[in-house]
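Trainee: sequence and predicted structure are below.
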Amino acid sequence: MKYIQLLEDLSNAYGAPGFEDDVVAVVKANKGDFTLQEDAMKNLYLNFADLDPNKPTIMLDSHMDEVGFMVQAIDENGLLLMQALGGWTAASAQSQAFMVRTKDHSYVPAIATSKPIHFMSAAERQKPIALEDLKLDIGATSRDEVINDFGIEVGQPVVPATKFQVNERNGMMIGKAFDNRLGVAATLAVFNELGPDAVKALPFNLVGAFATQEEVGLRGAKVTSSRVNPQAAIVFEGTPSDDYAKSTTLGQGRVKQGPQLRYRDSTYIASDHFNAMIVAAGEKAGIHIQKAVRDGGGTNAGSIHTAHNGVPVATLGMPTRYAHTHYLISAYQDFQDTVDLTVAFLKDLTAEDLVFTDLQTL
């Protein structure tokens with residue numbers, strides 16, 4: 001498992017939407033000999049400083065943020081009211097451990113709690129818990145203690161308190177933020193597998209774009225796609241697996257069955273031409289691909305495919321169980337297959353393969 005330490009470092013990094021600084025640091029530490037640039041939104045650009053203006057550009061996209069919360073208010077008892085950053089259910093957040101950032105950028109532990117059953121009326125016991133019913137308890141006894149002793153203020157980010165683990169026997173990983181630190185790791189791994197000389201020799205520019213704030217509206221990718229102006233893009237995602245949601249015949253994103261290639265979700269319809277090229281590369285490399293048509297969900301492809309004059313986008317997802325919770329499970333083999341598929345695809349791609357991105361006379 002060549003990239004397991006990278007995956008652990010990325011998973012353990014704290015990075016709620018808009019607060020991706022720790023993830024930025026991990027990417028910087030693993031950029032190798034490639035250039036890395038950061039913009040005002042904390043989006044990162046790998047190898048962007050070395051573009052050849054005479055070549056078309058392919059962008060490898062991933063997002064650095066994870067679902068989290070923000071401190072919305074502090075009550076008189078020292079409990080923190082919180083607002084969701086990304087999609088949560090109250091059932092997955094209640095009674096779970098979180099980390100809350102202080103004004104000096106350290107983190108303190110907290111528990112998401114609600115009114116104890118002992119103080120509930122019969123009607124309240126029958127009512128489902130809502131996100132707005134949850135509060136964070138850091139062990140303080142007053143609002144003053146939270147602010148002055150702990151240094152926690154309104155507007156601070158909150159993330160799950162989960163540590164990465166791996167089962168060496170079957171290669172299954174457990175951790176937080178696989179959506180989408182798996183994608184961040186995949187981009188870094190692809191560049192590492194190719195190496196600076198091979199990347200420079202490609203008949204197209206290759207840029208790694210690490211976007212922020214995907215979980216709150218695909219915001220970072222609006223900026224990265226505008227700045228990079230790619231002729232094509234591959235979006236890496238930690239996609240929700242359907243191992244337990246669908247049967248084996250209807251499942252389209254099962255763990256240990258290879259990367260998932262999306263054809264549609266709620267944010268975009270994929271380029272059939274570009275997807276066909278990915279499928280052909282998978283067949284040649286002997287890598288199994290799961291084809292998916294999703295009713296809901298979305299990725300940065302939703303922002304990228306309508307950028308500028310339109311961008312063909314392929315979305316490769318690494319199946320992940322229990323997305324948007326504290327504990328996600330994913331197979332290292334699916335990650336490695338995604339990296340290997342992308343490297344094989346890029347090595348065989350020519351500049352002529354991208355002519356379909358130009359305006360055509362009919």
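Mentor: Looks like it came in fine. Numbering: from 1, shown residues only.
Trainee: now the helices: where do they sit in this protein?
Mentor: Applying DSSP state H to the chain gives helices spanning 4-12, 21-29, 90-93, 122-126, 143-144, 178-201, 219-228, 272-285, 301-304, 332-348.
Trainee: residue 190 - nearest residue in space that isn't next to it in sequence?
Mentor: Nearest non-adjacent residue to residue 190, counting by C-beta to C-beta, 6 or more residues apart in numbering: residue 342, 5.1 Å away. Using the backbone N, CA and C atoms, a C-beta is placed for each residue, glycine as well.
Trainee: what residue ranges in the stretch 251-362 of the chain score low on pLDDT?
Mentor: 356-358 (pLDDT under 70).
Trainee: could you rerun that using 90?
Mentor: Scanning the stretch 251-362 of the chain for pLDDT under 90 picks out 251-253, 294-297, 308-309, 350-362.
Trainee: one more: the stretch 101-250 of the chain?
Mentor: The model of the stretch 101-250 of the chain has pLDDT under 90 over residues 114-130, 242-250.
Trainee: hmm, 50 instead?
Mentor: For the stretch 101-250 of the chain, no stretch has pLDDT under 50.
Trainee: now do the strands in it.
Mentor: Taking DSSP state E, counting those that start in this stretch as the criterion, the stretch 101-250 of the chain contains strands spanning 107-113, 135-137, 157-160, 165-167, 172-175, 205-211, 232-237.
Trainee: picking up where we left off before, out of the helices of the chain, which is closest to residue 136?
Mentor: Proximity to residue 136 (C-beta to C-beta) singles out helix 90-93 among those, at 9.9 Å.
Trainee: how about residues contacting that closest one?
Mentor: Outside helix 90-93, the residues that touch it by C-beta atoms under 8 Å, 6 or more residues apart in numbering are 69, 112, 128, 129, 130, 131, 133, 134, 324, 325, 326.
Trainee: for the fifth one, grab the count of nearby residues.
Mentor: Just to be clear, that refers to residue 130. Residue neighbour count, defined by other C-beta atoms under 10 Å, stands at 10 for residue 130.
Trainee: which pLDDT does the model give the closest residue in space to it that isn't next to it in sequence?
Mentor: Nearest non-adjacent residue to residue 130, counting by C-beta to C-beta, 6+ apart: residue 90, 5.5 Å away. Residue 90 carries a pLDDT value of 93.
Trainee: just to revisit the earlier point, what's the closest of the contacts of helix 90-93 to residue 204?
Mentor: Among the contacts of helix 90-93, and counting by C-beta to C-beta, the member closest to residue 204 is residue 324, at 34.6 Å.
Trainee: the closest one: what's it in contact with?
Mentor: Taking C-beta under 8 Å, 6+ apart, we find residue 324 in contact with 67, 86, 87, 88, 89, 92, 179, 240.
Trainee: if we go to 6 Å?
Mentor: Contacts for residue 324 (C-beta atoms under 6 Å, 6 or more residues apart in numbering) come out as 67, 87.
Trainee: how far away is it from residue 176?
Mentor: According to C-beta to C-beta, to the nearest Å, residue 324 and residue 176 sit 10 Å apart.
Trainee: residue 303: which of the strands of the stretch 101-250 of the chain is closest?
Mentor: Closest to residue 303 of the strands of the stretch 101-250 of the chain is strand 205-211 (C-beta to C-beta; 8.4 Å).
Trainee: paired strands for the closest one, with orientation please.
Mentor: With DSSP bridges as the criterion, the sheet partners recorded for strand 205-211 are strand 44-46 (antiparallel), strand 57-63 (parallel).
Trainee: list the contacts of the nearest residue to residue 334 once chain neighbours are set aside.
Mentor: Spatial nearest neighbour of residue 334, chain neighbours left out: residue 318 (4.8 Å); criterion: C-beta to C-beta, 6+ apart. Going by C-beta under 6 Å, 6+ apart, residue 318 touches 182, 238, 334, 335, 338.
Trainee: list just the nearest of the residues you listed to residue 251.
Mentor: Residue 251 lies nearest to residue 334 out of the contacts of residue 318, by C-beta to C-beta, at 13.5 Å.
Trainee: ok, that closest one - how many residues close by?
Mentor: By the criterion of other C-beta under 10 Å, residue 334 has 29 neighbours.
Trainee: surely residue 321 touches residue 239?
Mentor: No: taking C-beta atoms under 6 Å as the definition, residue 321 is not a contact partner of residue 239, at 10.6 Å.
Trainee: whichever of the contacts of residue 318 end up buried, select them in PyMOL.
Mentor: Remark: buried members of the contacts of residue 318, expressed as a PyMOL selection using 16 or more other C-beta atoms under 10 Å:
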select buried, resi 182+238+334+335+338
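Trainee: I figured residue 212 hits residue 41, correct?
Mentor: Yes: with contact defined as C-beta under 6 Å, residue 212 reaches residue 41; the gap is 5.4 Å.
Trainee: who's more crowded, these two?
Mentor: Each of residue 212 and residue 41 has its neighbours counted (other C-beta under 10 Å); residue 212 has more, 27 against 16.
Trainee: now for the more buried one: which residues touch it?
Mentor: Contacts for residue 212 (C-beta under 6 Å, 6+ apart) come out as 20, 41, 42, 43, 64, 65, 220.
Trainee: phi first, then psi, for the closest residue to residue 65 other than its chain neighbours.
Mentor: In this structure, residue 65 finds its nearest non-sequential neighbour in residue 17, 4.3 Å apart by C-beta to C-beta, 6+ apart. When read as degrees, to the nearest 10, the backbone of residue 17 gives phi -50, psi 130.
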